[in-house]
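Chemist: for reference, the sequence and a predicted model appear below.
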Amino acid sequence: MITWNQRENGVVVLTLDDPGASANTMSEAFVAALAATVDRLEAERDGIAGVVLTSAKKTFFAGGNLEELVRQGPDDRADVLAEVRRIAALLRRLERLGRPVVAAVNGTALGGGLELTLACHHRVVLDDDALRLGFPEVTLGLLPGAGGVVRSVRLLGLATALTELLLSGKRLRAGVALKLGLVDEVATDPEDLLAKAEKWIAENPDAAQPFDRPGYKVPGGTPSSPALAAMLPVFPATLVKQLKGAAYPAPRSIVAAAVEGLQVDVDTAFEIEHRYFVELACGQISSNMVQALWFDLNTVNSGARRPADVPQRPVTKAAVIGAGMMGGGIAHVLAEAGVPVVLKDVDAAAAQRAKDRTAAQLEREVARGRRASEGASAVLGRLTPTGDYADLAGCDLVIEAVFEDPSLKHDVFTALDGVVAPDALLASNTSTLPITGLAQSVSRPEDFIGLHFFSPVERMPLVEIIVGEKTGKVALARAYDVVRALGKTPIVVNDSRGFFTSRVFTTLVLEGAALLGEGMPPMSVERAALQVGFPAGPLTLMDEVSLSLMLAIAATEDGDVQERSGGRHPGFAVVEALAGHGGAGRRGKASGGGFFDWRPEGEGGKRVWPGLSDLYPEDPGAVPIGQAAERMLTVMAVESTRCLAEGVVLSVEDANVGSILGIGFPAMYGGALQYIEQYQGPSGRGVPAFVAHADALADAHGERFRPPRMLRELTSLRETPPS
Ligand code: NAI
């Protein structure tokens, strides 16, 4: 687990290597080995010149043991506290050994791995493009509890530690970490890494942590210093803005542990940090987030849905048809992944405009120092705008992103059928149209598939792959590989109107409309959603996707929705009244306004349209905010179980990951199906309690809340065999 190799110069090189695992983690066995190693270091201290910590794995150290964490509940507080104290005490003994200890960081160090390096007196990292350092804990509802908060705050200063590391969860490259002072030196290769570590040991025989030396001053000051005192109120205010009022506890606990810790001695600060950690680790929110954004996400990305017997075949040249908002973004991410792309619109000038937008975006990134200008030029060099189908010759991947009009899409696929490579993968980025119908436009429906990207393409991590009735397994495997090559997460779903994500998203925004129709003031509707962690309110979201799209769904999907929901959704009438208001209608943000007037930030920003209260008279007592939020979460969860029961979405993991990454279902509930799994109601917990709750909502507000039969037969959704 930890090999001990004492060299002639007296330096002990400790190599971390968990024999049974692909990466080192804070497993029970590792902690035991660390304890034995620290005992031995103390016993043999007189014969030791210094210590180098390095790893035999590609990753230096992956972090905490999430398997264990996800199972911990409120009753485990005492055990969790004892365990984190045990690890922290070992790290403290290491840094107080009285001998220089250097971390020779040969690969990525995250979470517990970075905590380990911070307990060393000096950090040398390998200059490797793939190497990352960071505390991703906040993204899983946690904080680094074995000294990570205290040491990073004392070494970097409060403001830097919070914004660059602890609250952002960012994974930093070696160069950035060096600039921040998180690491001390960068080495060119593994030999240089060890040489630098040993040289530092020779030059610093009496090393100690700076904060253990008398008179140490924390960079940037302590909360009692005027400069920092003036800044302190900014952190909670920034948090409120970032979290939009949602009840995510980790960022607040991180700020509290950091600020409180600075006002006491270092050992008391560690104890404060452990206690905040224990509260988070034993709470439901971190369990939900670890389950969805670690375990479920890893399952989805592991390739379980990719037909294993189809060999990989990289794309050599791609075509993107329709250079609008989506097409421009898709072409950009393909070019970033190294694929040459022909970008076609109605004419070359329209396609060139999309390339110009990408160029402007890249220029901004170069100007901000986020990337090298050569890299940006190479990306642009791979984008060829055109208005001519002939330029698509030889393309082995086609992604269509023209207007959402079935006959236009049909014309496009007919036109390119004979031009591109004879076995090219043919994909549509439609957000609602069934893939099986679109596939009728081509001579090879087995090569036709849906690749549903989300906006903005460059930033959104999810792609929904839609398998039509005739889609073959080669097409599925190739589509899966394309999405992974773009660094995105693919969920694979079966064809259905609206697939999985758009179907579930629609239930959220229509619920918002229904609440407005019942008299709930518009800002209360929005607040209800933000408070439980949605990134935006349903009325804002409808304005952004456009009310025309909602009308199109009302016109085409109405029959399905009615069948499923036992009647016309009351939200449709609300949307229709607004969209048809005064003849011209209010159709959303792009067409001048919808529920809101959208003015630039400097001119007042987003404001509720004053005419809204005439259309829907307000009754502030109509629906309490908490109830409204529950209705939004519940209706999405129920629709997700319908998708699971109908075989549209194939697993709990896909549904959780797809709902969080694609449509902003609050991560603190772990996704639309984990919401059911962890539901706590008056009648108890889990699926049966959720069913009782949803039934009560259905009786009061309509059949859209009625859970499908499948859910009544289960105690846990994770029992369902994948269909
Ligand atoms: P957009 O209106 O920004 O772009 C459509 C582009 O297609 C325009 O540049 C237009 O000139 C071009 N076009 C029209 N006819 C063409 C033809 N015959 N040949 C080549 N180009 C042609 O639309 P947007 O938002 O990019 O949507 C495109 C597709 O992506 C639609 O199917 C939409 O449903 C889908 N989608 C949209 C999302 C969104 O958030 N806007 C999200 C996911 C999918």
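Modeler: Perfect, thanks for sending it. Residues are numbered from 1 along each chain as shown.

Chemist: tell me the residues of this protein that contact the ligand?
Modeler: Applying CB under 6 Å from any ligand atom, one finds that the chain approaches the ligand through 321-327, 344-346, 350, 401-404, 408, 412, 429-431, 452-455. Where you see a C-beta, it was placed from the backbone N, CA and C, and this is true even at glycine.

Chemist: where does pLDDT dip in the stretch 601-723 of the chain?
Modeler: Where the stretch 601-723 of the chain drops to pLDDT under 70, the residues are 720-723.

Chemist: burial measure for the residue in it that the ligand sits nearest to, as a count.
Modeler: The stretch 601-723 of the chain approaches the ligand most closely through residue 662 (9.8 Å), counting by CB to the nearest ligand atom. Residues near residue 662, counting by other CB atoms under 10 Å, number 24.

Chemist: secondary structure element for it, which one?
Modeler: Assigned by DSSP states H and E, residue 662 belongs to helix 652-663.

Chemist: re earlier: so how far is residue 491 from the residue of the stretch 601-723 of the chain closest to the ligand?
Modeler: Distance, residue 662 to residue 491, by CB to CB, to the nearest Å: 8 Å.

Chemist: ok so, going back, okay, and which of the residues of the chain next to the ligand map to strands?
Modeler: Judged by DSSP state E, the residues of the chain next to the ligand include 321, 344, 452-453 as members of strands.

Chemist: out of those residues, who's the most crowded?
Modeler: Ranked by neighbour count (other CB under 10 Å), those have residue 344 at the top, with 31 neighbours.

Chemist: residues in contact with it?
Modeler: For residue 344, the contact set (CB atoms under 8 Å, 6 or more residues apart in numbering) comprises 319-323, 351, 385-389, 391-392.

Chemist: just the buried ones from the residues you listed?
Modeler: Among the contacts of residue 344, those scoring as buried are 319-323, 351, 385-386, 389, 391-392 (criterion: 16 or more other CB atoms under 10 Å).

Chemist: pick the one among these closest to residue 441.
Modeler: Taking CB to CB as the measure, residue 441 lies nearest residue 321 of those, at 12.4 Å.

Chemist: so that closest one makes contact with residue 409?
Modeler: No - checked against CB atoms under 8 Å, the pair residue 321 and residue 409 is beyond contact range at 9.2 Å.

Chemist: follow-up on the earlier one: turn the ones in strands among the residues of the chain next to the ligand into a markdown table, including distance to residue 53 and pLDDT.
Modeler: Conversion of those to a markdown table gives the following (distance: CB to CB, whole Å; pLDDT from 0 to 100):
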| residue | distance to residue 53 | pLDDT |
| --- | --- | --- |
| 321 | 53 | 98 |
| 344 | 54 | 97 |
| 452 | 46 | 96 |
| 453 | 43 | 97 |
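
Chemist: all helices for the stretch 1-150 of the chain, in order.
Modeler: Using DSSP state H, counting those that start in this stretch, the helices of the stretch 1-150 of the chain run over 28-43, 66-71, 77-95, 112-118, 148-156.

Chemist: comparing these by mean pLDDT, which bottoms out?
Modeler: Confidence, taken as mean pLDDT, is least for helix 66-71 of those (a mean of 78).

Chemist: so which bits of that one are buried?
Modeler: 66, 68-70.

Chemist: where do the contact lists of residue 662 and residue 491 overlap?
Modeler: Shared contacts of residue 662 and residue 491, defined by CB under 8 Å, 6+ apart, are found at 462, 464.

Chemist: for stretch 310-326, which positions count as buried?
Modeler: Going by neighbour count (16+ other CB under 10 Å), the buried part of stretch 310-326 is 310, 315, 317-323, 326.

Chemist: show me the residues you listed that map onto helices.
Modeler: Using DSSP state H, the subset of these located in helices is residue 326.

Chemist: in TSV, list the buried residues of stretch 310-326 along with distance to residue 641.
Modeler: What follows is those, written out as TSV (distance: CB to CB, whole Å):
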residue	distance to residue 641
310	31
315	36
317	42
318	36
319	38
320	35
321	36
322	34
323	38
326	29
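
Chemist: of the buried residues of stretch 310-326, which pair is most distant in space?
Modeler: Pairwise distances across the buried residues of stretch 310-326 peak at 30.6 Å for 310 and 323 (criterion: CB to CB).

Chemist: what sits closest to the one residue in the stretch 551-700 of the chain that gets nearest to the ligand if chain neighbours are left out?
Modeler: Going by CB to the nearest ligand atom, the ligand is nearest to residue 590 of the stretch 551-700 of the chain, at 9.2 Å. The shortest distance from residue 590 to any non-neighbouring residue, by CB to CB, 6 or more residues apart in numbering, is to residue 546 (5.9 Å).

Chemist: tally of neighbours for residue 190?
Modeler: Neighbours of residue 190 (other CB under 10 Å): 13.

Chemist: for it, what are its contacts?
Modeler: Residue 190 is in contact with 106, 126, counting by CB under 8 Å, 6+ apart.

Chemist: for residue 58, see how far away it is.
Modeler: Counting by CB to CB, the gap from residue 190 to residue 58 is 12 Å.

Chemist: just residue 460 next, same as before
Modeler: Residue 460 sits 29 Å away from residue 58 when distances are taken as CB to CB.

Chemist: can you tell me the SS state at residue 218?
Modeler: At residue 218 the chain is in coil, as set by DSSP: H, G, I helix; E, B strand; the rest coil.

Chemist: would you mind confirming that it makes contact with residue 159?
Modeler: No - with contact defined as CB under 8 Å, residue 218 and residue 159 do not form a contacting pair (10.8 Å).

Chemist: residue of the stretch 251-400 of the chain closest to the ligand, please.
Modeler: residue 324 (1.7 Å).

Chemist: can you tell me which residues contact the closest residue to that residue other than its chain neighbours?
Modeler: Closest residue in space to residue 324, ignoring its immediate chain neighbours: residue 401 at 6.6 Å, by CB to CB, 6+ apart. By CB under 8 Å, 6+ apart, residue 401 lies in contact with 320-322, 324, 326-327, 330, 429, 453.

Chemist: repeat the analysis, applying 10 Å as the threshold.
Modeler: Neighbouring residues of residue 401 by CB atoms under 10 Å, 6 or more residues apart in numbering: 320-331, 343, 345, 409, 412, 427-431, 451, 453, 457.

Chemist: and residue 455, by the same measure?
Modeler: 325-326, 329, 431, 544-545.

Chemist: make it 8 Å
Modeler: Going by CB under 8 Å, 6+ apart, residue 455 touches 325-326, 329.

Chemist: which one of these is nearest residue 606?
Modeler: residue 325 (19.6 Å).

Chemist: per-residue pLDDT, that closest one?
Modeler: So residue 325 comes in at 92 (pLDDT).

Chemist: would you indicate which residues of stretch 277-291 are buried?
Modeler: Quick answer for stretch 277-291 (16+ other CB under 10 Å): 277-283, 285-291.

Chemist: adding secondary structure, write those residues out as a markdown table.
Modeler: Output for the buried residues of stretch 277-291, formatted as a markdown table (three-state DSSP):
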| residue | secondary structure |
| --- | --- |
| 277 | helix |
| 278 | helix |
| 279 | helix |
| 280 | helix |
| 281 | helix |
| 282 | coil |
| 283 | coil |
| 285 | helix |
| 286 | helix |
| 287 | helix |
| 288 | helix |
| 289 | helix |
| 290 | helix |
| 291 | helix |
